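Engineer: pasted the sequence and its predicted model underneath.
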There are 2 protein chains.
Amino acid sequence: METPLTPAEPMLWSGWGDPAKAAELPAPVRDLLTELLGVRPPARPAATFGEVRLPPATLPPPVLAALAAVVGDEHVRSDDDARIRHTRGKSTPDLLLMRAGDASDAPDAVVLPGSHDEVAAVLRLCSEHRVAVVPFGGGTSVVGGLVAARRGFTGVIALDLGRLNRLIAVDPVSMLAELEPGLRAPQAEQLLAGHGLTLGHFPQSYEYATLGGFAASRSSGQASAGYGRFDDMVAGLTVATPRGTLEIGRAPRSAAGPDLRQVFLGSEGAFGVITSLRLRVRRAPAVRTYEGWRFATFAEGTAALRRLAQQEGRPPTVLRLSDETETMVGLAKPTELGAAGGDSGCLLVAGFEGSPGDVAHRRELAAAVLAEAGGVHLGPEPGEKWAQGRFSAPYLRDALLAAGATVETLETACFWSNLPRLYDAVRLALLGALGAPLIMCHVSHVYATGASLYFTVVTAQTADPLGQWAAAKRAANEAIVRAGGTISHHHGVGRDHREAYAAEIGDLGGEILRGIKERLDPAGILNPGVLIP
Amino acid sequence: METPLTPAEPMLWSGWGDPAKAAELPAPVRDLLTELLGVRPPARPAATFGEVRLPPATLPPPVLAALAAVVGDEHVRSDDDARIRHTRGKSTPDLLLMRAGDASDAPDAVVLPGSHDEVAAVLRLCSEHRVAVVPFGGGTSVVGGLVAARRGFTGVIALDLGRLNRLIAVDPVSMLAELEPGLRAPQAEQLLAGHGLTLGHFPQSYEYATLGGFAASRSSGQASAGYGRFDDMVAGLTVATPRGTLEIGRAPRSAAGPDLRQVFLGSEGAFGVITSLRLRVRRAPAVRTYEGWRFATFAEGTAALRRLAQQEGRPPTVLRLSDETETMVGLAKPTELGAAGGDSGCLLVAGFEGSPGDVAHRRELAAAVLAEAGGVHLGPEPGEKWAQGRFSAPYLRDALLAAGATVETLETACFWSNLPRLYDAVRLALLGALGAPLIMCHVSHVYATGASLYFTVVTAQTADPLGQWAAAKRAANEAIVRAGGTISHHHGVGRDHREAYAAEIGDLGGEILRGIKERLDPAGILNPGVLIP
């Protein structure tokens, strides 16, 4: 008998995750905020659910009725609760707006299709009536991926894919599983665990994000060095568009033209709605073990990561290197990793998942490389501590926002030789825009030819925290483009990166996207305002 | 001092490679052809170079003058030699036509640009004058990728990229090299060897194919299990289009929208001309060693390959499994691999390249898997024999054609669970179309989720060998599409697969391609008739 699927509980409407798991700020963090950053409690308390201002819903009743005729009355929701919970995503600006009671970007209705055919019918209907459609998975976008441009449309619906939550088939010979897009990652892992399988995809949003969202936004998980990125796992897709259905992926790889899977990976709902995914699966690992290494500097640590990524053997499953600031802030006792001088250095977490023999072999390979690169082995404690807290940072953000801090993350990637320049450029831009913020950084995704940089910024809220962050974000985006980085390694483009993305891909890159969009979505109803320059 | 670049000698105009290396048919092969297949010498001898019929060149003199003004007089060639050597590619139908003296698909002129800017200027000029442009690298296409549809155009030029043959830069930190598209693979390896580096890309066309062609056709080399496919190596591209230039690739991987590199990989010159490639490079391996294993049946052998591809550790660098027929034909003494009963079984070649330690580790891993899967170790001889002859099959084809045999190859790929069905379907289609041909097959590219199938077909030429093969090819293409394979794993689409490709990607897949084409090449001059349905 199968275990029933763990229900997908809704997230806190104004913050992250399960309200019961809300984080308390540890005393040292509270002191740091006050003393170092001058953080003071915000002037106004956060809005309650009842205080949220919702715009009137504008969808004409005949359109609502037509939608209900497709998906069933109970699957078209226009109540305040549904609309508020489908308003925007989970970026810091998104949370600041909700905390201020502003749900002005709410959809007019939430539509929950139960099958591919229902998705296709909804898209046809919305094309006909010029209703904008925002495909909605876990609602975890941090780049403004869930806000449609209303102008020129009759209204906006959120197309919540939560009912498409089945494991359709497992092909143990090909090591493929066919899954529906609305499955949250833990649900998918639960279903696959019944077959002894795993995807191995664990981004920070793991507990709430969905498979469809992973594909549409080219997600990359914390174990990407071992299991690859989500786009690496996608062997096939079924996509509903206003003009019909695409079935893509007959083989692992092909020389039959451009790889059309790659057109929809990263398409953020602007070209179609993914209704089924054929994903590469692995046998669930027998061993999971994480350990810490100390490097004197971020430069030494990144050089060590590079050697691991460029060695012949397979790298660790998880690799994460914190810079000096992130290492210091992440420690309860700042000197605990320290050399004699009290300098904490930089913490590298290496994780290994697999069979006992494979893990032993890779640990040995990695230890040789890391030690030769100047690393000091710290044993399992820092690794296991990281693993325990790996999904908790968004809870901490809620507490920081409540305490009066502005906190947000941003990320980029580039080739190895450019990494120091990109690191400096982003830090300089944030310093210039924010005065004296706390800027932490880590590398968490490595490749033979380059790596990602993930920044966390904390500063005292001004009277206009939205304007404050918008200026910092603009400066960081410009710095990334100028310094030759990509505007996102794993968060996506959404609305927040659209301008920088346009600069990154150039006029003709934009033309390619518009050429595709025009053919698949001639009425332009799919997530308008997102991605496409 | 750098060694001067080995010059790119032209290929035999009517066949493969260096005329001095022409193969003689071994006596047992000659006997096999006569006795088993009833092959008889062709009624007519092959045309001499002087007998080739060239159509008149139709490009108006002002257009030729304008092209010469861009690239220089000496780089616009309209002589017979240049035109004949840029007529079509190297498929068997291509060779049959040339052997019959038919150069009706010759371009009007061959244009040899010397820089990106010259390529861009030529494309603008040709758009203005409606001149079709066939980008031409090594001229090794076997899918009709080098024949432009003339209708509606003022004329056709072959854009030979041979002068773009520089190693522009090496980035040893990122392990990237920037190279020009007209470099033949051995030239690129020669330049990289000066830095202790290699691409590790060795398709059968290695000696003549170019880097630009590898990218434009999604080439896959014999060492793909170790070094990956060519598309895996492409970190960045510069592409000239009639509407301007694209620079793509700022990071190994990105979540900033669809991966635009993937739009040009496999685009076969229909979207733009690749003028520079940033490629992942590796340290040249200290050890290269190849060995043979015997499996009783193709099914057992493919199961073993699958286990190797799905194990945790890295697979061998080269993996190739011949079916029973290919194994038997490939052996001088058919029983030399045989079990007691005289059955030759199936030969698997496993090759290992890397450092001594890495090779030793991977050999051990592979040996354990292969032995457990029923393989019998045959030692190095069959492996080294394969390695010595790895680029010689096209020479043998010339000899077979001259002897009166029709011989051609075709290939596909699918997921593992579908492989037996696809194998049977293609064989059945070829048997139905050709009567009693010799059909050999091997698997030479493996992935965790699937593999390629590469068929070689030999039969007695009829009076109409072109019609004979066209019927067989049509049957095979239809069988591949019906059985769920991709129409090409590494040869590409060209003209020969265009119909099957249309069926594979569906109407909306074609719409995506047309949408891109329309934006980048509004006059439709780029390789018209190729790829796009």
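Structural biologist: That came through, no problem. Numbering: from 1, shown residues only, chains lettered A, B, ... in the order given.
Engineer: buried set for stretch A:293-313?
Structural biologist: Neighbour-count burial for stretch A:293-313, with 16 or more other CB atoms under 10 Å in any protein chain shown as criterion, is recorded at A:293-296, A:298, A:300-313. In short, each C-beta sits where N, CA and C put it, glycine included.
Engineer: please flag which of the residues you listed sit within helices.
Structural biologist: A:298, A:300-310 (DSSP state H).
Engineer: which of those residues come close to chain B?
Structural biologist: A:306, A:310 (CB under 8 Å from any CB of the partner chain).
Engineer: columns distance to B:Pro26 and pLDDT on top of the ones in helices among the buried residues of stretch A:293-313, output as CSV?
Structural biologist: CSV is the format used below for those (distance: CB to CB, whole Å; pLDDT from 0 to 100):
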residue, distance to B:Pro26, pLDDT
A:Phe298, 63, 98
A:Glu300, 60, 98
A:Gly301, 59, 98
A:Thr302, 56, 98
A:Ala303, 55, 98
A:Ala304, 55, 98
A:Leu305, 53, 98
A:Arg306, 50, 98
A:Arg307, 49, 98
A:Leu308, 49, 97
A:Ala309, 47, 97
A:Gln310, 44, 97
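Engineer: which one of the ones in helices among the buried residues of stretch A:293-313 is nearest chain B?
Structural biologist: Distance to chain B across those (CB to the nearest CB) is lowest for A:Gln310, with 5.8 Å.
Engineer: returning to that earlier point: distance to B:Phe352 added to the ones in helices among the buried residues of stretch A:293-313, as a markdown table?
Structural biologist: Below are those laid out as a markdown table (distance: CB to CB, whole Å):
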| residue | distance to B:Phe352 |
| --- | --- |
| A:Phe298 | 36 |
| A:Glu300 | 33 |
| A:Gly301 | 32 |
| A:Thr302 | 31 |
| A:Ala303 | 28 |
| A:Ala304 | 27 |
| A:Leu305 | 27 |
| A:Arg306 | 25 |
| A:Arg307 | 22 |
| A:Leu308 | 22 |
| A:Ala309 | 21 |
| A:Gln310 | 19 |
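Engineer: assign A:Val457 to helix, strand or coil.
Structural biologist: strand (DSSP: H, G, I helix; E, B strand; the rest coil).
Engineer: report the contact partners of it.
Structural biologist: A:406-410, A:430, A:434, A:437-440, A:472 (CB atoms under 8 Å, 6 or more residues apart in numbering or on different chains).
Engineer: bridging residues for it?
Structural biologist: A:Glu408, A:Ile439 (DSSP bridges).
Engineer: would you mind measuring from it to A:Glu408?
Structural biologist: Distance of A:Val457 to A:Glu408, computed by CB to CB, to the nearest Å: 6 Å.
Engineer: what is in contact with these two at once?
Structural biologist: A:Ala472.
Engineer: which parts of the stretch 51-200 of chain A are helices?
Structural biologist: A:61-71, A:80-85, A:92-99, A:116-129, A:185-193 (DSSP state H, counting those that start in this stretch).
Engineer: the fourth one to helix A:61-71, inter-axis angle?
Structural biologist: The directions of helix A:116-129 and helix A:61-71 differ by 160 degrees, with axes from the mean of the first three to the mean of the last three CA atoms, to 10 degrees as the criterion.
Engineer: list of residues touching helix A:116-129?
Structural biologist: So helix A:116-129 is in contact with A:60, A:63, A:66-67, A:70-71, A:111, A:113, A:131-133, A:154, A:157, A:159, A:161, A:164, A:238, A:240-242, A:244-245, A:273, A:275-276, A:521-523, A:525-526, going by CB under 8 Å, 6+ apart.
Engineer: could you identify the buried members of the residues you listed?
Structural biologist: Buried among these (16+ other CB under 10 Å): A:63, A:66-67, A:70-71, A:111, A:113, A:131-133, A:154, A:157, A:159, A:161, A:164, A:238, A:240-242, A:244-245, A:273, A:275-276, A:521, A:523, A:525-526.
Engineer: out of those residues, who's near chain B?
Structural biologist: Answer for those near chain B (CB under 8 Å from any CB): A:241, A:244-245.
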